[in-house]
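> Give me a 3D structure for the following:
(one chain, ligands or ions: 2)
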Amino acid sequence: MSQPGILYPKMTVIGAGLIGGSIIRAAREHGVVGEITVADASEAHRVRVVELGVAEHVTGDIAEAVKDADLVVLATPVLSIPDLAAQVIPAMKPGATLTDVGSTKGNVAEAFRAQDCSKIHAIPGHPIAGTEQSGPDAGFSELFENRWTILTPLENDDEAYAAAVARLSTFWRAFGAQVELMDEKHHDLVLAVVSHLPHLIAYTIVGSAADLENVTENEVIKYSASGFRDFTRIAASDPTMWRDIFVANKDAVLEMLGRFTEDLQAMSRAIRWGDADTLHTHFTRTRAIRRGIVAAGQESAEPNFGRDRGKH
Ligand SMILES: NC(=O)C1=CN([C@@H]2O[C@H](COP(=O)(O)OP(=O)(O)OC[C@H]3O[C@@H](n4cnc5c(N)ncnc54)[C@H](O)[C@@H]3O)[C@@H](O)[C@H]2O)C=CC1
Ligand SMILES: O=C(O)C(=O)Cc1ccc(O)cc1
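Residues are numbered from 1 along each chain as shown. Ligands and ions are numbered 1, 2, ... in the order given. Next up is the predicted model:
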């Protein structure tokens, strides 16, 4: 793939965890930024970023970190974004771009709109790529390859804003991602079904299995070599990140949870009444959905494909 060259001479990433760390590595590898500055609230993480040697500047001072940046990326848990936006936006230089990678977009759009964004280009974003790992060591440059990044631009008819959205799209494409633009409310509904609800189910079922009196913790570990193992991987995802997602995306998650509960009741009824046809028809449909995803090249037929890349 031909690379676009330097898109942002100075990039600042706030939050050097899995996603921030992956962006830094990918941006360096693909040559789309010049100098990289990292700001992180955790001293231990700042020390680790220095040891890893992945950034030119590392600081705990947010205003100092963003003042010269052409691109600022917020890569922290979503409930921290309103506070960070209030610190970052007034400190940014005119004409610079602000984006984020948060898993929810309605609250981020609201946080950006609450500030005076007239001198910068504020563009919420979300790479649909990740793992259950977190922290500065978890990042790897290939994370975004063949994945989607959704941008949810704010309402703004300026040509300069459209150009900033186009440049940010080029940035993500340089990492091998495909970019889609979407309304933030639609984003939050779609992600509630395909990401937030599955995580809630995994968190719940792993807890339920461990709590059952006739199932020991030892059996949960021993037999997790089966399909249950995928649930335990997801249920190992970062607690702070997921607490924030469910608080921020409450309405969409509750709506989807309501529909899911109805569908679960229908399955429960089919099992109770021995309605084998209903079960078979349903499982045939879901198998076709999975095969469609594999055929579209979005996933390997092998389990756990790509999930372990970049682990240390
Ligand atoms: N983990 C995943 O699979 C994905 C996560 N996301 C989103 O990306 C964002 C970051 O997630 P991860 O990289 O997984 O988290 P992480 O836990 O690996 O990294 C977050 C980093 O932010 C720092 N931090 C936290 N609050 C801060 C604050 N107020 N100021 C400065 N630094 C702060 C932490 O010290 C940590 O280094 C979240 O909003 C999450 O919803 C998006 C796509 C995938
Ligand atoms: O690890 C997994 O299976 C994920 O689903 C990763 C993930 C987590 C949160 C996001 O907003 C996007 C991707």
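
> Helix or strand: which one has the closest residue to residue 54 other than its chain neighbours?
Counting by Cβ to Cβ, 6 or more residues apart in numbering, residue 54 lies nearest to residue 24, which is 5.1 Å off, once chain neighbours are set aside. C-beta: built from backbone N, CA, C; applies to glycine. Taking DSSP states H and E as the definition, one finds residue 24 inside helix 18-29.

> Correct me if wrong, but residue 11 is in a helix.
No. Counting by DSSP: H, G, I helix; E, B strand; the rest coil, residue 11 is not part of a helix but strand.

> didn't it look like it was pressed against residue 39?
No. If you go by Cβ atoms under 8 Å, residue 11 and residue 39 don't touch, sitting 11.7 Å apart.

> Let me know the secondary structure of residue 264.
Quick answer, by three-state DSSP: residue 264 is helix.

> residues in contact with it?
By Cβ atoms under 8 Å, 6 or more residues apart in numbering, the contact set of residue 264 is empty.

> How much space separates it from residue 232?
Noted for residue 264: a distance of 21 Å to residue 232, by Cβ to Cβ, to the nearest Å.

> Tell me which residues are up against the helix holding residue 24.
11, 13-14, 16, 33, 36, 38, 49, 54-55, 73, 75-76, 101, 127, 130-131, 133-144, 171, 174-175, 310.

> can you narrow these to ones near ligand 1?
Filtering the contacts of helix 18-29 for proximity to ligand 1 by Cβ under 6 Å from any ligand atom leaves 14, 16, 75, 76, 101, 127, 130, 131, 134, 135, 138.

> how about the strands of the protein, start to end?
Applying DSSP state E to the chain gives strands spanning 8-14, 33-39, 57-59, 71-74, 97-100, 121-123, 125-127, 148-151, 178-181.

> want to throw these into CSV with mean pLDDT and mean neighbour count?
Output for the strands of the chain, formatted as CSV (pLDDT from 0 to 100; neighbours: other Cβ atoms under 10 Å):
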stretch, mean pLDDT, mean neighbour count
strand 8-14, 98, 24
strand 33-39, 98, 22
strand 57-59, 98, 17
strand 71-74, 99, 27
strand 97-100, 99, 26
strand 121-123, 98, 25
strand 125-127, 98, 24
strand 148-151, 98, 20
strand 178-181, 98, 14
